[in-house]
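*Asks:* how would this look folded up:
(one chain, ligands or ions: 1)
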Amino acid sequence: MCSVVGYIGQRQSCALVMEGLARLEYRGYDSSGFACVDNETRRLMSAKSAGRLSQLVTRLQEKPIDGTVGVGHTRWSTHGVASEANAHPHFDCTKKISLVHNGIIENYLTLKKELEAEGHVFLSQTDSEVIAHLFERAFEQTKSCKKAVMQLVSQLHGAYAVVIVMEEHPELLIGIRKSSPLCIGVGDGEMFIASDVLAFAGKTDRVSFLPEKTFTLVTKDKAAVYDFDGQLLDLPVEKLDSVWTATEKQGHEHYMLKEIYEQKSAIYKTVSLCQSFGESVWNSIGISADLIKNTKRIKIIGCGTSWHAGRIAEFFFEEITRIPTTAVLASEFRYRTFFPELDTLYIAISQSGETADTLEVVRMLNAHGQKVLALTNVASSTLVRESEGFLLTQAGPELAVASTKAFTTQVAALYWLAARMALERTVISDGQFKQCQEELLMTANILENGLDAYKYQIFEKLALFYSNFSAFIFLGRHSTYPFALEAALKLKEIAYVFAQAYPAGELKHGPIALIDEKTPVCLFSHPDPLIYQKLLSNAQEIKARKGHLIVFAFEGQTELQALADTCLMFPAVNSHLAVLSMTGVMQLFMYAIARARGCDIDRPRNLAKSVTVE
Ligand code: G6P
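*Replies:* Numbers count the residues shown, from 1 in each chain. Alright, predicted model coming up:
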């Protein structure tokens, strides 16, 4: 999504803000801008550009502006195309107030009409610009920054993280937060404000997270934080975890590749955290042992890749824990009839912990007194703060837009949780639980070994051949069907190739009409002998129609291997962990196709890493 970054202090803001924006560019990147109170003119100056941040950098090199207070923004368009006019910062009529915004102002049209009737002139198609004009009016009426913010927020509907710089108050940065994250980096004689700590990680290790519906008036030495009624709040300053500062590519061509290779270690760290809870696991997670023992149903909520992890985990909870489980898409669930059930455990999965669709469901569940366990990668996220309990994956920062290690750590954590709940409910023994943990780590090794075993074949042969096709079908059954959904999503996201995932058994009910030599079918097998037999029949149906077949199979599945045009083999594992063992190679394969097609892998077009609007 959009990123906002602000700086105030003794140093020049431009380089610091631009560095922060570059680190957050993965969140949204179709246009960008910077504004500061210029050193020389003491006037508010700005530079904006459509396209990538590098274009703004060039513009700033050609025509530098700088000052000790500044704000910047990278945009992921919601209202209005990606153009220079629509890029932030936006200004009021007098050009003395500039602001950047992440979120959506739902009543912007009504406000815009009202302001236009009063003579305000708008230069963009964005919802964000109304905030600048509203603030102009509020400041004119109140002559006080604090009162103007309070008046402003009483008129805005929607979600917003806003940072304001004013020509009249160069000693001040204003930050406002409602439903979109904003945090303050506390330095020595300098302050940062940003939508994500990554923006200032390494510059300071002290951070305060603005709570929901609050605003802050930040000087270079102090951040005063208020609620929307103007009450001063005492906000703790926390120490930033150093792992979040390690953001280099470390010799890899892309972040995505680096992150694919970090998966074994990320799974190990996640399992090790889970094991460290010991007997006090439910206290540590924040969900009562009673609920764990009495849960009759589990509902998992998520979007995108996180939803796929949830769909895979349906099989863990049903088959290991013996609890009926459904994974639902947050954006759909939110608008269905809701039946409160107190013996249901809700698990909300989100890598970022900031996805608006998921958060809205959590808020709705909270309002009904339901218990939500958050599974996320970001300890400081809104999801953690708003959920009853939380379990943290240990993937570390994931910067490529396409999720890899966040996905595998989610799957690993869910598998561990299913087994631990099964132990608590005496469905499995202590010995079986230990075996589950060992198998999980063993599977992380298999995942990594697969990368080494197949990298040359994938890069030097398969990617070159398969990058020429314009559509793919992905098939799976049981847990390999949601895995097929994830594979198809990866290919669509990073290679811009149309891909359709189907449950293999459904092939004959329509999609089989698509089978021909021009549309490769990638079939993900399953170690379970019964499911394997069914998949084998599906593979035969494809070959009988001259389809081109790529197969991910398990040792001993020789009949399937014989049918395949391309076959990638994996060691036989515990059937629940089959998908995890294939994940690295699947991701590498999709990555290599995107690379062969010359795609911008870490920053695919039209996407954003975390989508903080509904
Ligand atoms: C965006 C990203 C996806 C991600 C989804 C959910 O759509 O492009 O890669 O899976 O958001 O994100 P979350 O942070 O909630 O897991």
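*Asks:* and stretch 460-474, which residues are buried?
*Replies:* Leu462, Ala463, Tyr466, Ser467, Phe472, Ile473, Phe474 (16 or more other CB atoms under 10 Å). Quick note: C-beta positions are derived from backbone N, CA and C, even for glycine.
*Asks:* same check, this time on stretch 418-428
*Replies:* Neighbour-count burial for stretch 418-428 [16+ other CB under 10 Å]: Ala418, Ala419, Arg420, Met421, Ala422, Leu423, Glu424, Val427, Ile428.
*Asks:* ok, the last one to Asp234 distance?
*Replies:* When distance is defined by CB to CB, to the nearest Å, Ile428 is 46 Å away from Asp234.
*Asks:* rewinding a little: what is the nearest of the buried residues of stretch 418-428 to the ligand?
*Replies:* Of all the buried residues of stretch 418-428, Ala418 has the smallest distance to the ligand: 19.4 Å, by CB to the nearest ligand atom.
*Asks:* elements contacting whichever strand or helix holds that closest one?
*Replies:* Using DSSP states H and E, Ala418 falls within helix 405-424. Counting contacts by 3 or more CB pairs under 8 Å, 6 or more residues apart in numbering; DSSP states H and E, helix 405-424 packs against helix 263-276, helix 289-294, helix 304-316, strand 344-350, strand 371-376, helix 430-457, helix 578-596.
*Asks:* Let's have these in TSV, adding mean pLDDT.
*Replies:* As requested, the helices and strands packed on helix 405-424 are exported to TSV (pLDDT from 0 to 100):
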stretch	mean pLDDT
helix 263-276	95
helix 289-294	94
helix 304-316	98
strand 344-350	97
strand 371-376	96
helix 430-457	96
helix 578-596	97
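*Asks:* And the ones you listed: which comes nearest Ser49?
*Replies:* helix 578-596 (25.8 Å; CB to CB).
*Asks:* contacts with the ligand among the buried residues of stretch 418-428, please.
*Replies:* Contacts with the ligand within the buried residues of stretch 418-428, as defined by CB under 6 Å from any ligand atom: none are present.
*Asks:* Make CSV out of those and add distance to Met166.
*Replies:* Formatted as CSV, the buried residues of stretch 418-428 follow (distance: CB to CB, whole Å):
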residue, distance to Met166
Ala418, 53
Ala419, 55
Arg420, 53
Met421, 53
Ala422, 58
Leu423, 58
Glu424, 56
Val427, 61
Ile428, 61
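*Asks:* Now do the contacts for the closest residue to Ser306 other than its chain neighbours.
*Replies:* What sits nearest to Ser306 in space, not counting adjacent residues and going by CB to CB, 6 or more residues apart in numbering, is Ile349, at 4.1 Å. Contacts for Ile349 (CB atoms under 8 Å, 6 or more residues apart in numbering) come out as Ile300, Ile301, Gly302, Ser306, Trp307, Ala309, Gly310, Thr358, Leu375, Thr376, Gln410, Leu414.
*Asks:* Just give me the closest of the residues you listed to the ligand.
*Replies:* Ser306 (3.6 Å).
*Asks:* What is the neighbour count of the closest one?
*Replies:* For Ser306, the neighbour count with other CB atoms under 10 Å is 27.
*Asks:* Also the one 4 residues further on?
*Replies:* Neighbour count of Gly310, defined by other CB under 10 Å: 29.
*Asks:* and what of Val551?
*Replies:* The tally of other residues near Val551 (other CB under 10 Å) stands at 24.
*Asks:* That one should be in a strand, yeah?
*Replies:* Yes - according to DSSP: H, G, I helix; E, B strand; the rest coil, Val551 belongs to a strand.
*Asks:* thinking again about what came up before, the helices and strands packed on helix 405-424 into a markdown table, with extra columns for distance to Phe498?
*Replies:* Conversion of the helices and strands packed on helix 405-424 to a markdown table gives the following (distance: least, CB to CB, whole Å):
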| stretch | distance to Phe498 |
| --- | --- |
| helix 263-276 | 27 |
| helix 289-294 | 43 |
| helix 304-316 | 17 |
| strand 344-350 | 26 |
| strand 371-376 | 31 |
| helix 430-457 | 24 |
| helix 578-596 | 13 |
